[in-house]
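Asks: Quick one, structure for this:
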Amino acid sequence: MDIWVLLKQTFDTEEKITLVNGNIDDTGVKYIVNPYDEYAVEEAIRIVERQGGKVTVLSIGPEKTGEALRTALAMGADEAVLITDDRIPQDEWAIVHVLTAYLTGHKPDLILGGNFSVDHGAGQVAIRLAHQLDIPHVGSITKLDITADGKAVVQRDAEGDIEIIETAIPALFTAQQGLNEPRYPTLPGIMKAKKKPFRQLTLDDIPSFSWDDFAARTSRLELSLPPARQAGILLKGDMHEQALDLVRRLHEDAKVI
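Replies: Residues are numbered from 1 along each chain as shown. From the prediction side, this is the model:
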């Protein structure tokens, strides 16, 4: 089975976000594999361990994204592809345009990705890609079984309940927390990763890529941190006085009523 995993490199979730002139300052910041993408990598490796095949991790980003791809190779993925090109805008539509052009010629049996990335949190790339490739898509899965007759049976988180869905493959699934427990790269795995195929491409290396309708469809107007949290206020007086004071503060200060 030919499995491809969409992977993104993000800030470590423990990092403090600092803005300089309206832009994120990443000086000294630690980058990691997007946590939800780790579940996708782990699930792909488990499927291949059970049924055979190949796992290829695919990412679009700057050269430093190669660190995240090599982590996936050390976990057990077989190959990695990094598409890095300054002409690609940081816009979901444009990124999907590139992914569609690249994957169309490869015809994967299964595509896995994270439910969303912890930086932008839009959750748009996977579902748009499935639409462009004209394959089924199920998001937020917590269990995945590939049947002998070429179908996939998945369970997905549905607002505190569980949905069970059966679909034909090829298909695209996005991983939710609870799908598995990602393994840590071992030292032998890290050493093997150095010898595994790693391709770094630009848009010029994708024969089927079209510049038509490639422009970004969204733009960021402003980026700011949330206001500093203010100290709590202890209301005084009896219950009637506290209620009046609370309503006044909500109306005059917070302006929410």
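
Asks: Each with direction, which strands does the top strand by length along the chain pair with?
Replies: The residue-count maximum for a strand in the chain (DSSP state E) belongs to strand 137-146. Counting by DSSP bridges, the strands paired with strand 137-146 are strand 151-158 (antiparallel), strand 171-175 (parallel).

Asks: And it, what's buried?
Replies: Under the neighbour-count criterion of 16 or more other C-beta atoms under 10 Å, strand 137-146 has 137-142, 144, 146 buried. For every residue, glycine as well, the C-beta is placed using N, CA and C.

Asks: swap in stretch 55-70?
Replies: For stretch 55-70, by 16+ other C-beta under 10 Å, it's 55-61, 65-66, 68-70.

Asks: again with stretch 143-162
Replies: Buried residues in stretch 143-162 (16+ other C-beta under 10 Å): 144, 146, 152, 154-157.

Asks: Just name the closest of those to Pro197, please.
Replies: Ile146 (24.3 Å; C-beta to C-beta).

Asks: Quick one: residues in contact with stretch 181-201.
Replies: 38-39, 41-42, 45, 63, 66, 69-71, 73-84, 102 (C-beta atoms under 8 Å, 6 or more residues apart in numbering).

Asks: Can you select the buried ones among the residues you listed for me in PyMOL?
Replies: To isolate in PyMOL the members of the contacts of stretch 181-201 that are buried, counting by 16+ other C-beta under 10 Å, one can use:
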select buried, resi 38+39+41+42+45+66+69+70+71+73+74+75+76+77+78+79+80+81+82+83+84+102
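
Asks: Which two among the buried residues of stretch 143-162 are spaced furthest apart?
Replies: Using C-beta to C-beta, the buried residues of stretch 143-162 span at most 19.8 Å, a distance reached by Ile146 and Asp157.

Asks: on that earlier part again, tell me the average confidence for the longest strand of the chain?
Replies: The predicted model assigns strand 137-146 a mean pLDDT of 94.

Asks: Perfect, that will be all.
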